[in-house]
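Enquirer: Sequence plus the predicted model coming up.
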Amino acid sequence: QVQLVESGGGLVQAGGSLRLSCATSGGTFSRYVMGWFRQDPGKEREFVARISWGGTSTYYADSVKGRFTISRDNAKNTVYLQMDSLKPQDTAVYYCAAEKMGPFGTAQEDDYDYWGQGTQVTVSS
């Protein structure tokens, strides 16, 4: 059973930074493409970023490009999302997800096999 647990969410002022972590257990972490998605109440869940098996390939949504950085530590079975220059419109529940089909993965929610429970990020203006 693969489990994903996010942490690091919270309340931050606009322009500030947060670092989300997603610790995984079960399965072979280094063979999962890892992604971050987010969902604001009343809206559909949207793709944020993904990272390939070895961490050499990353891909971002246009809305976060240049502000967010996804990374992974395969020795710690953990993926990170560094969020800088946060804006109120970044407010959402952030989810990490694992995709078995690699090595580069996709931005499609339906392609991801395992999901965390989410962590709330709130950016005040």
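Expert: On my side now, so go ahead. Everything numeric in this text was worked out from a predicted model, so none of it was measured.

Enquirer: What's the end-to-end length of stretch 104-123?
Expert: Terminal residues of stretch 104-123 are spaced 30 Å apart (Cα to Cα, to the nearest Å).

Enquirer: What's the mean pLDDT across it?
Expert: The pLDDT scores in stretch 104-123 average 95.

Enquirer: residues touching the residue lying closest to residue 100 once chain neighbours are set aside, list them.
Expert: Nearest residue to residue 100, sequence neighbours excluded (Cβ to Cβ, 6 or more residues apart in numbering): residue 113, at 5.1 Å. Glycine gets a C-beta too; all of them are placed from N, C-alpha and C. For residue 113, the contact set (Cβ atoms under 8 Å, 6 or more residues apart in numbering) comprises 2, 97-100.

Enquirer: Show me which of those residues are buried.
Expert: Among those, those scoring as buried are 97-99 (criterion: 16 or more other Cβ atoms under 10 Å).

Enquirer: Out of these, the closest to residue 121 would be?
Expert: Within the buried ones among the contacts of residue 113, distances to residue 121 taken as Cβ to Cβ reach their minimum at residue 97, with 16.0 Å.

Enquirer: can I assume that closest one sits in a strand?
Expert: Yes - applying DSSP: H, G, I helix; E, B strand; the rest coil, one finds residue 97 inside a strand.

Enquirer: beta partners for it?
Expert: In this entry, residue 97 is beta-bridged to residue 35, residue 115, by DSSP bridges.
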